[in-house]
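Trainee: Just to be clear, the model below is a prediction. Sequence and coordinates:
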Amino acid sequence: MSYKVIGLLGAAALAFPMAAQAQIGPKIQTGSANGLTWTAQSRIVGTGSTATIASGGSTLNVAPMPQRSGVVALIMDYGPGGSFICTGSLLPDRRSILTAAHCVSDGAGTEGPRTTTAWFYGGNNPDTIVSNNPVDSVSRTAIGISVNQGYTGEVIDQNDIAIIRLGEDAPIWATSYELDLGPDLTGRDFTVAGYGRRSDAGGNVGANLGTGRLREGDNRMDFRFGDADFGGFFTDRDANGENFFGEAEVEFSYVSDFDNGLAANDASCRLAVNGLGIAPSGKFCNLGRGAREVSVAGGDSGGPQFGADGRIISVTSYGLSFGTGFGDIGGGLNSSFGELNGFVPLYIHRQFLADAVPEPATWGMMILGFGLVGAGMRARARKVSFA
């Protein structure tokens, strides 16, 4: 298997020098195996324009307030390495933010950001850049980070999950979110929210605008890499201990595709049927959720996927493309139609979440009614305190 890191991209960077890339921020990885070539990046581009409303952007992807006031913009300051933006979600204890591990860590033993700031927005102007608005925005500084012990730093990693601990409670008007730990997300519809890159042309072009404005949209969990349908194609390990993507665990990495209503760009279907010879079915072959269908982009990393009842089912982790032969409309990884998005499910991380969110009463409130997952899916938290 051919596998290599070809560099780190600043798709979610606010500013950074190229020399600092090897230590921080969003990654892009590429590889090939068994006749398939892939490119993945740690990282809301709508079917139509997600530009500012003032410049003609669609209102379909405007996040409702105050329902989304607990979806925060995270600014990670790496000093000379620059500052990066991710997305996170406020939990019911009101001091914990759920996000992706790659926003605050490059894997075990690596230094995290010097400071991490969570920005809450309490206004109603969808064109507001939350971190540049002193009137309706409130910031909170992190005092600690818990990173899943199993996170490797690779782009596709089912352990790409972290909890950020704030130094004081979130503003009283900010909405907090409960967690849905029900098993198996396959076929689940969801709404994703984030502060990542946007587009003035939608999925035909992909991400071409900046970060910092909250948007949301819909999609569906098509499959996970450990599905029995794949017969171990993505998860079996070779003599070097690597699976299709590398060394990280990927069995429970869930995937959605960015559909435009055309079979030619139905990435999930083309991968399963054309690439792996699986019989067509509604599981893999569907044409999307219509005008509110979205893809994630750089800066949406760590953001929530909400189920129909408003609870969070997973965390945004990465974007993925298998190329134009498998539906990618534009070629290259740019959040265009025919690309795939990857998510970290919460149900395999119950113990990590229980360890990282300190108040037992609050934790019980978040997860009431769900049984324990298998011990093999559990991982301890690695906690980092800021000086």
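Mentor: Received, thanks.
Trainee: Residue 218 - how many residues pack around it?
Mentor: Neighbour count for residue 218, taken as other C-beta atoms under 10 Å: 22. No exception for glycine: its C-beta is placed from N, CA and C like everyone else's.
Trainee: no, scratch that, I was asking about residue 247
Mentor: 15.
Trainee: That one: helix or strand, and which one exactly?
Mentor: Per DSSP states H and E, residue 247 falls between elements, in no helix or strand.
Trainee: please begin residue numbering at 303 from this point
Mentor: With the count now opening at 303, the last piece we talked about shows up as residue 549.
Trainee: What sits closest to it if chain neighbours are left out?
Mentor: Closest residue to residue 549 apart from its sequence neighbours, by C-beta to C-beta, 6 or more residues apart in numbering: residue 454 at 6.0 Å.
Trainee: Residue 630 now?
Mentor: residue 640 (4.1 Å).
Trainee: Same check on residue 624?
Mentor: residue 340 (5.3 Å).
Trainee: which SSE is the one you found in?
Mentor: strand 338-344.
Trainee: before we move on, the earlier item: might one say that the residue nearest to residue 549 is in contact with residue 545?
Mentor: No - at 11.7 Å, residue 454 and residue 545 do not qualify as touching, with contact defined as C-beta atoms under 8 Å.
Trainee: Neighbour count for these two, which is higher?
Mentor: Between residue 454 and residue 545, counted using other C-beta under 10 Å, the more crowded position is residue 545 (23 against 18).
Trainee: show me what contacts the more buried one?
Mentor: 536, 537, 538, 539, 552 (C-beta atoms under 8 Å, 6 or more residues apart in numbering).
Trainee: Angles on the backbone of the residue nearest to residue 549, please.
Mentor: Dihedral angles of residue 454 (phi, psi; degrees, to the nearest 10) stand at phi -90, psi -20.
Trainee: now the stretch 403-552 of the chain, which segments are flagged as low pLDDT?
Mentor: Applying pLDDT under 70 to the stretch 403-552 of the chain picks out residues 410-413, 501, 503-508.
Trainee: which residues of it fall in strands?
Mentor: For the stretch 403-552 of the chain, applying DSSP state E, counting those that start in this stretch gives strands covering 417-423, 439-450, 464-468, 491-496, 517-522, 525-526.
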